[in-house]
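> Just the structure for this:
(2 chains)
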Amino acid sequence: MLRRKIREEIIESLKRNYPHVEPSSFEIEKPKRPEFGDLSTNIALVHQNILKAKARDIAEILANDLRSKTELFTKVEVAGPGFINFWINSDLYRNNLKEIITKRDHYGRCDLGQGKKVLVEFVSANPTGPLHIGHGRGAAYGDALARLLKFAGFEVVKEYYINDRGTQMEILGASVLYRAKELRGEKIVFPEDYYQGDYIYDIAREALKLYPDLLEKEEKEALEICKELAIKTILEDIKRDLEIFRVHYDSWYSERELYRKGLVEEVIEVLKQKGYIYEEDGALWFKSSAFGDEKDRVVRKSSGEWTYFASDIAYHYEKFLLRGFDFGVNLWGADHHGYVPRLKGALSALEINPERLRILLIQMVNLIEGGQLKSMSTRRAEYVELKELVRDVGVDAVRFIFLSRSQDAPLDFDVDLVKKQSAENPVYYVQYAHARISSVWEKAKTIGLSPEDLLKSNLSLLQEEESLEILRKLAEFSDIIELSALQLAPYRIVYYLLELAGLFHEYYNKFKIVSSDKELTLARLALAEGCRIVIKNGLELLGVESPERM
RNA sequence: GCCCCUGUAGCUCAGUAGGAUAGAGCGUGAGAUUCCUAAUCUCAAGGUCGCAGGUUCGAAUCCUGCCAGGGGCGCCA
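From the prediction side, this is the model:
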């Protein structure tokens, strides 16, 4: 917010001094070193070629001009090859602190989204087994992203797309039926490519209880019963696991629903009208090569079955054209990356701007157990359940680990290490700052101070460098929100919170907040309260709790 | 072979769409608590930013090539 104001001033100044020039893009950033000021711009360096002048000369002219803005700057300097460094009038930061205290939960919100409708689709694991830690990463990331976009002014719907039809579902049903036979004492050979997990036994047991005559029924009917029961049971488990993980969906969308509504045939017909569908070798093909894909793709197999791709086209057709979403964010496993061009191609063919769909590929979670790298597989029952991890380590710690990395960096997950080190999880560092501030309030209340008194506080008493540093950091929060929303990068909030918590802990150790000096106490309480509010708002976006005590 | 991601301190990772002398945490070593929570703080040691070129005032960041690790390239889902 502050940054935007300063940017405007700089552009104004450039225009005043060089009326003939069209300003090109430049940076305003926080320099690494304090002697380079609070903010710095490279505008003179960027324009030196266009203006055919030395960067330092341009910088001097602009700096001279901007020095007169004393309500904004206390000092403006030219440095190095031609940077202009600004020292910000710290009253601006003090006013910002008042704003934080007034706005509370709302501090940091912005209108980047302008009420545009976004559908965030994530996890969407096939209902063939329990959620494992790989899904957990997607769950944490998608949920935080949805919270963030909402905070940034979008209208957000969180959706789980259920692949509840197709080959895998048939295999699932068959797996249950085989286990049921086994339970009844039949000698069976359980196929390798069937689902191996123990939960299949549980479902089989349940099936036999509900349908004592299951094995006497026609094979086809029995399979159907097993399949339906399996999908229902597993989906319930998935929902429960996600709720425990504090992920709540607005919408569960069934792939079958697309067929029930006839949307698959409808959209393929639309594409056919546009000339992007053709028949070859008995199958129907979509001309994705016309949109940069390396080859065309099958939408209906020669067997007459629709492919997963066909459902997906219909799903996105409905999402953008019928349900009216302005944007879509899909979180996919990185192993689906080859799938991106064909889906974007299909959107283009439907005259939906593919830019409206952002597909984030979540890199692998490598499972390390006993020092061994393991690949996770639902079918082979090689995985660590999300539920189990959450039970051992806690929701906050698990979410924080997943959210502290960009989605495109692979994540090595050493289960033993995480369990052992859960007590050292950085999430506690941030939460501890919040708890400490709450505890400071306990103390302040004993001498008769309450949050209402803060608005009367005299913030000009906050003069130490450590106070100013915190004030500046607090003002950065809105920049961080905007940036992480634009980049769909919630992990930036994680690092921001760690920095803010660090500054607070440092301050806390060095200065006494509650003292006999009532005026100073109020000012410092205001600073602490600003930290508390921003930490709480930030953690809320991550889906992490802010405890009053630890 | 082609495509995507990754490579920064012993380990795990930041580095804000190119900036000034490269940053944390863990681990290692030394210290801080009669006082608001020591899940904290202070100090120290630790680097060829995978390698080689290029672009420019300036590169960990952008481009090209190479090396290493992971993933993907079906009428599978």
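> interface residues of the stretch 251-400 of chain A facing RNA strand B?
Within the stretch 251-400 of chain A, the positions near RNA strand B by Cβ under 7 Å from any atom of the strand are A:280-283, A:294, A:297-298, A:301-303, A:305, A:307-309, A:334-339, A:361, A:363-364, A:366, A:375. Every C-beta, even on glycine, is put in place using the N, C-alpha and C of the backbone.
> Which ones among these map onto strands?
When those are checked against strands (DSSP state E), the matches are A:Glu280, A:Ala283, A:Arg297, A:Val298, A:Leu361, A:Asn366.
> Would you confirm that A:Lys274 contacts A:Ala290?
No: A:Lys274 is beyond contact range of A:Ala290, at 10.5 Å (criterion: Cβ atoms under 8 Å).
> between the two, what contacts are shared?
Taking Cβ atoms under 8 Å, 6 or more residues apart in numbering as the criterion, A:Lys274 and A:Ala290 both touch A:Ala349.
> I'd like to know the beta-bridge partner residues of the residue nearest to A:Ile28 when sequence neighbours are not counted.
Spatially, and ignoring its direct neighbours in sequence, A:Ile28 is nearest to A:Thr41 (5.0 Å; Cβ to Cβ, 6 or more residues apart in numbering). Following DSSP bridges, A:Thr41 is listed with bridge partners A:Ile28, A:Ile84.
> on that earlier part again, save the ones in strands among the residues of the stretch 251-400 of chain A next to RNA strand B as a markdown table, and put in pLDDT too.
Output for these, formatted as a markdown table (pLDDT from 0 to 100):
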| residue | pLDDT |
| --- | --- |
| A:Glu280 | 92 |
| A:Ala283 | 94 |
| A:Arg297 | 95 |
| A:Val298 | 95 |
| A:Leu361 | 89 |
| A:Asn366 | 76 |
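> in which helix or strand would I find A:Ala246?
In this structure residue A:246 is Arg, not Ala. Of the helices and strands defined by DSSP states H and E, none includes A:Arg246.
> give me every residue that touches the nearest residue to it once chain neighbours are set aside.
The shortest distance from A:Arg246 to any non-neighbouring residue, by Cβ to Cβ, 6+ apart, is to A:Gly543 (5.0 Å). With contacts defined as Cβ under 8 Å, 6+ apart, A:Gly543 is in contact with A:Ala140, A:Asp143, A:Ala144, A:Arg147, A:Arg246, A:Val247, A:Val395, A:Arg399.
> again with A:Gln196
Shown in contact with A:Gln196 (Cβ under 8 Å, 6+ apart): A:Phe190, A:Arg379, A:Arg380, A:Ala381.
> Please pick the buried ones from these.
Among the contacts of A:Gln196, those classed as buried by 16 or more other Cβ atoms under 10 Å are A:Arg379.
> neighbouring contacts of stretch A:26-38?
Around stretch A:26-38, the neighbours that count as contacts under Cβ under 8 Å, 6+ apart are A:3, A:6-7, A:10, A:39-43, A:46-47, A:75, A:77, A:79, A:83, A:85-88, A:472, A:476.
> Residue nearest the middle of chain A, spatially speaking?
A:Leu145 (2.9 Å; Cα atoms, centre = their mean).
> host element of it?
helix A:133-151.
> distance between that helix and the chain's centre?
In this view, helix A:133-151 has its centroid 4 Å away from the chain centroid, taken as Cα atoms, centre = their mean, to the nearest Å.
> Could you confirm whether that helix reaches RNA strand B?
No: contact of helix A:133-151 with RNA strand B is not found when judged by Cβ under 7 Å from any atom of the strand; the minimum separation is 11.5 Å.
> where along the stretch 51-200 of chain A do the strands fall?
Assigned by DSSP state E, counting those that start in this stretch, the strands in the stretch 51-200 of chain A fall at A:73-79, A:83-88, A:117-121, A:155-162.
> Reformat those strands as JSON lines; add distance to RNA strand B, mean pLDDT and mean neighbour count.
JSON lines is the format used below for the strands of the stretch 51-200 of chain A (distance: least, Cβ to the nearest atom of the strand, whole Å; pLDDT from 0 to 100; neighbours: other Cβ atoms under 10 Å):
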{"stretch": "strand A:73-79", "distance to RNA strand B": "4", "mean pLDDT": "89", "mean neighbour count": "18"}
{"stretch": "strand A:83-88", "distance to RNA strand B": "4", "mean pLDDT": "90", "mean neighbour count": "22"}
{"stretch": "strand A:117-121", "distance to RNA strand B": "15", "mean pLDDT": "96", "mean neighbour count": "23"}
{"stretch": "strand A:155-162", "distance to RNA strand B": "10", "mean pLDDT": "97", "mean neighbour count": "21"}
